[in-house]
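Asker: give me a 3D structure for the following:
(2 chains)
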Amino acid sequence: MTVAGHATATLPSTPRPAAPAAGQPPLLVAARGLGVKREGRWLVRHVDLALHQGEILTLIGPNGAGKSTTARALLGLIRPDAGTVERARGLAVGYVPQRLTLDWTLPLTVRRLMTLTGRHPRADIERALAQVGIGHLADARVQTLSGGEFQRALLARAIIRRPQLLVLDEPVQNVDFSGEIALYELIRGLRDELGCGILLISHDLHIVMAHTDTVLCLNGHVCCHGTPQAVTESPEYRRLFGVRASGTLAVYRHHHDHIHRADGSVVHLPPPEES
Amino acid sequence: MLDDFFVRALIAGIGVALVAGPLGCFIVWRRMAYFGDTMAHSALLGIALGVLIDMDQMLGVFAVVAVTALALVALQRQRALPTDALLGILAHSTLSLGLVLVALMVWVRMDLAGYLFGDILAVSRGDLAVIWGGGLAILAVLATIWRPLLAATVSADIAEAEEMRPGHANLVFMVLLAAVVAIAMKIVGILLITSLLIIPAATARRFAPTPEAMAVIATGLGAVAVTGGLYASLGFDTPSGPSIVTAAFVLFLLSLLPPAVARLRTAKEARP
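Answerer: Predicted structure coming up:
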């Protein structure tokens, strides 16, 4: 696994372009006027979005803003009450849901978890696990993993299918700060390696911003969207997340002189540039 | 000394244990113990209706149990009542309906205790063929839905998003359960079928590293329980069903006995 320690030291300068320069990459999933209602109340409404191959789209917003609902509608797990969802034909999806509780009676090793929805050769399993930094946990029982390790295992499970669309609902929950940076760095690496589109959900803006092409800020509807830069500067975003949010990117200046890898080893970072 | 009827009961019982093992694992993993119990309770209604319209007994039981299971799933989706209340209502209503119907049909003499608690004398050659034929068919179908069903057990959302069609797998699973109730009825009796599904699976859990291993171990434990229980039933002149369940329970208790072994295992399983 490439633990991206340098993420703490380098500031994200310019956001990546929304799409690679060479032509328009194929559309993976799109929503037009998407709305989902529960018991007469709109959970989310009027959502327009499009995600292309090789693109990272991040949904942010406060709790209850409809982020997971939107993602679930895009995946076809719930039927929209308004608007349409369009998915590319035969789209291979890798999904890490927000919440997953395993019954303790189910004897499941990390290795077995990897073949949950399809067969994979042993070498691929080892590789995917190594990629997310938990290669040493292949034979551990899933129920004995820590929150962060479990998230990594779920991520490895999702990427082993080499999906065209990776949907990650709060992938860094239960992961500590330095692990969080490493995971986002890993996710960006996956996009480059697999060439897949990634739909990322986060309520936490700090680190997401550096690794995404487009941000969609949700609060029952689309508040604002655009590049991370544009979104953080938009008045709607500031109103939603308060004054603190305007200093979002400052988080990167927070200095750690070392980080911990998933396997517990310590990696020293180069000294930060004074800001 | 093995009388012919006893050998038949033994072969039938092992046939039932063969299917109860893997299906029972799913019941344990999905916390469906009372769901299975409700399905089994409705079997008596199936027997009564079968007599009433002169239908094959196992077929009648299978049909009524399957309908009950699908009705339960539909009612659960409506969320009008919590699941445990629904199960309580359906389990006892169908059982009572069955008992009332049996009582009303004064022209039929029925060995109720045999249906409720199992009757090894009742296993005919024909039953044997149905139990083994049906059992192997159930296992074959289960094998085809194993991966989607297990994926749906871990996470219905992941299974759905990754095109495993969990809804289809769940539906097939219900039908398979109904079939198990129908073939297991004569051996353990409808009131005790769930225990044959659950106890071997629960016992196997401690020794199984993977879901598949747990299914195999549960099958083996079920066969041991059936054999031990039937011998005890013959020896002490006790009803076959309760004897088998008691044997399964003894195995379960034995599995709890060596805590030292268990602790050693957990230490090994835990990460270095």
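Asker: using the three-state scheme, assign the residue nearest to the spatial centre of chain A.
Answerer: In chain A, the residue lying closest to the centroid (C-alpha atoms, centre = their mean) is A:L200, at 3.3 Å. Under DSSP: H, G, I helix; E, B strand; the rest coil, A:L200 falls in the strand class.
Asker: tell me what the residue lying closest to it once chain neighbours are set aside is bridged to.
Answerer: Leaving aside its chain neighbours, A:L200 sits nearest to A:T58 (4.5 Å; criterion: C-beta to C-beta, 6 or more residues apart in numbering or on different chains). Quick note: C-beta positions are derived from backbone N, CA and C, even for glycine. For A:T58, the beta-bridge partners under DSSP bridges are A:L200, A:V215.
Asker: so what's A:T58 up against?
Answerer: Neighbour list for A:T58: A:200-202, A:208, A:212, A:214-216, A:228 [criterion: C-beta atoms under 8 Å, 6 or more residues apart in numbering or on different chains].
Asker: pick out the most distant pair among these.
Answerer: Across the contacts of A:T58, the longest distance by C-beta to C-beta is 15.1 Å; it joins A:I201 and A:P228.
Asker: for A:A123, grab the count of nearby residues.
Answerer: 8 (other C-beta atoms under 10 Å in any protein chain shown).
Asker: how near is it to A:G133?
Answerer: Going from A:A123 to A:G133 by C-beta to C-beta, to the nearest Å gives 18 Å.
Asker: circling back to that earlier point, pLDDT added to the contacts of A:T58, as CSV?
Answerer: Putting these into CSV (pLDDT from 0 to 100) gives the following:
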residue, pLDDT
A:L200, 91
A:I201, 91
A:S202, 84
A:V208, 67
A:T212, 83
A:T214, 87
A:V215, 87
A:L216, 88
A:P228, 79
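Asker: which of those residues ranks first by neighbour count?
Answerer: For these, the largest number of neighbours (other C-beta under 10 Å) sits with A:T212, at 29 neighbours.
Asker: doesn't A:P228 make contact with it?
Answerer: Yes - contact criterion C-beta atoms under 8 Å: A:T212 and A:P228 qualify, at 5.9 Å.
Asker: how many neighbours does residue 182 have?
Answerer: Since you didn't name a chain, this refers to chain A. 28.
Asker: right idea, wrong chain: chain B
Answerer: 27.
Asker: with A:T69 instead?
Answerer: 23.
Asker: now for it: which residues touch it?
Answerer: A:36, A:43-44, A:78.
Asker: mind telling me what element it is part of?
Answerer: Element membership for A:T69 (DSSP states H and E) is helix A:67-75.
Asker: also A:R119?
Answerer: Going by DSSP H and E, A:R119 is not in any helix or strand.
Asker: tell me the pLDDT of it.
Answerer: Looking at A:R119, its pLDDT stands at 92.
Asker: let me know how buried it is, in neighbour terms.
Answerer: A:R119: 8 neighbours (other C-beta under 10 Å).
Asker: for it, grab phi and psi.
Answerer: With angles defined as degrees, to the nearest 10, A:R119 sits at phi -70, psi 140.
Asker: out of the contacts of A:T58, which comes closest to B:G24?
Answerer: For the contacts of A:T58, the nearest to B:G24 is A:I201 (37.3 Å; C-beta to C-beta).
Asker: output the set of residues of the stretch 101-250 of chain A in proximity to chain B.
Answerer: Proximity of the stretch 101-250 of chain A to chain B, by C-beta under 8 Å from any C-beta of the partner chain, involves residues A:102-103, A:105-109, A:112-113, A:116-118, A:136-137, A:140-141, A:144, A:161, A:167.
Asker: now, of the contacts of A:T69, which are buried?
Answerer: Among the contacts of A:T69, the ones that count as buried by 16 or more other C-beta atoms under 10 Å in any protein chain shown are A:36, A:43-44, A:78.
Asker: surely A:A30 is in a helix?
Answerer: No - A:A30: not assigned to a helix; according to three-state DSSP it is strand.
Asker: how about the secondary structure of A:L168?
Answerer: With three-state DSSP as the criterion, A:L168 reads strand.
Asker: where does chain A have low pLDDT?
Answerer: A:1-23, A:204-210, A:242-275 (pLDDT under 70).
Asker: what do you get for the stretch 101-250 of chain B?
Answerer: Using pLDDT under 70, nothing in the stretch 101-250 of chain B is flagged.
Asker: ok, which residues in it are in contact with chain A?
Answerer: Counting by C-beta under 8 Å from any C-beta, the positions of the stretch 101-250 of chain B adjacent to chain A are B:147, B:150-151, B:153-155, B:157-164, B:202, B:205, B:208-211, B:213-214.
Asker: for ChimeraX, what selects the buried ones among the residues you listed?
Answerer: Entered in ChimeraX, the line below selects the buried ones among those, by 16+ other C-beta under 10 Å:
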select /B:147,150,151,153,154,155,157,158,159,160,161,162,164,202,205,208,209,211,214
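Asker: among the residues of the stretch 101-250 of chain B next to chain A, which lie within helices?
Answerer: Using DSSP state H, the subset of these located in helices is B:147, B:150-151, B:153-154, B:157-161, B:202, B:205, B:211, B:213-214.
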